[in-house]
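Trainee: Dropping the sequence and predicted coords here.
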Amino acid sequence: MVYKTKIRTMNIKIMRTTVIFLFMAFCFNTHAQSENPVSKSEKEALSQTIVASGYITDWIENTKDYLFDGFNLQTNDEKMMVMFPTHMGSELRQEIKIGNTITVNGFETKDSLGVTKINMVSVKVEGKTIQVSPPLLAGAAPVNEIINGGAKIRELQKNVDGKISGYVLDNKTILRLAPNVSNELTRMLVVGATLSYSGIKTSSGSGEDAWASYTIIRCQTIIMNGKQYLTQ
């Protein structure tokens, strides 16, 4: 009995020592983290920038609103796709022309299709450096302008997932509908179909530059075959 009691006492002491050691290790680790806090978001933000020099071969416009948001850069070794925020389009296209030799500073990303792109941080052309900056704050809130019209569907716009995101009409208008509404009307809203519409005109952002001037309408109603549909 005495022997068993001694063993039990030794086991309790060992357990106490282990608990104390683990507690001290936890406290040390917590203290180290508090002195050098690096969150997950901060780790992800530590992207290494790259520098590439070459000349612009052509501009890239998005398929949503036809706004310029990039260009193709031909270097000595490869052709790179360089992207920038749409609000920088006007300034960049004024300062840079196709064929200009430039130096781009940016970081690599991959889109949902796995295509490698360079997100521009700054660009140097003819000794001038243009830094990507946030868009200018708008002044007074724009007044909603209601647009009514009628036209034929010339093209269906689709996003990267293959879902319909808009309807390009033959009067240089793009209709934007809620995704669930678009799905319900898919059978009727086809290329060549004639419709009437009403909705709110969206204002362009400061500094944006478009390949083609299109009126973007956030559609509220559509009339087809004598029937009106609510599309908000």
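Mentor: Received it, and whenever you're ready, just let me know what you need.
Trainee: Could you chop this structure up by domain?
Mentor: What automatic domain parsing lists as the domains of the chain is 50-131, 145-230.
Trainee: Okay, now the first one: how far is its last residue from its first?
Mentor: Okay, so that is domain 50-131. Start-to-end span of domain 50-131 (Cα to Cα, to the nearest Å) is 15 Å.
Trainee: Start the count at 101 instead of 1 going forward.
Mentor: With 101 as the first residue, the last one maps to domain 150-231.
Trainee: Now do the same for stretch 300-317: mean pLDDT, whole number.
Mentor: For stretch 300-317, mean pLDDT rounds to 66.
Trainee: before we move on, the earlier item: least reliable of the domains of the chain by average pLDDT, please.
Mentor: domain 245-330 (a mean of 79).
Trainee: and residue 227, backbone torsions?
Mentor: Dihedral pair for residue 227: phi 80, psi 0, per degrees, to the nearest 10.
Trainee: neighbours around it, how many?
Mentor: Residue 227 is flanked by 5 other residues according to other Cβ atoms under 10 Å. Bear in mind the C-beta positions are built from the backbone N, C-alpha and C, glycine included.
Trainee: For the residue lying closest to residue 245 once chain neighbours are set aside, give me its contacts.
Mentor: Using Cβ to Cβ, 6 or more residues apart in numbering and skipping residues adjacent in sequence, the residue nearest residue 245 is residue 301, 4.4 Å away. By Cβ atoms under 8 Å, 6 or more residues apart in numbering, the contact list for residue 301 reads 244-247, 315-318.
Trainee: which among those residues end up buried?
Mentor: Buried subset of the contacts of residue 301 (neighbour count, 16 or more other Cβ atoms under 10 Å): 247, 316-318.
Trainee: hey, where'd the helices end up in this structure?
Mentor: Assigned by DSSP state H, the helices in the chain fall at 102-135, 140-145, 189-195, 279-284.
Trainee: weakest of the ones you listed by average pLDDT?
Mentor: Looking at the helices of the chain, the bottom one is helix 140-145 with a mean of 40.
Trainee: hang on, residue 258 packs against residue 264?
Mentor: Yes - counting by Cβ atoms under 8 Å, residue 258 touches residue 264, with 5.8 Å between them.
Trainee: more neighbours, those two?
Mentor: Ranked by neighbour count (other Cβ under 10 Å), residue 258 and residue 264 place residue 264 first, with 16 against 13.
Trainee: isn't the more buried one right up against residue 275?
Mentor: No - judged on Cβ under 8 Å, residue 264 makes no contact with residue 275 at a distance of 10.5 Å.
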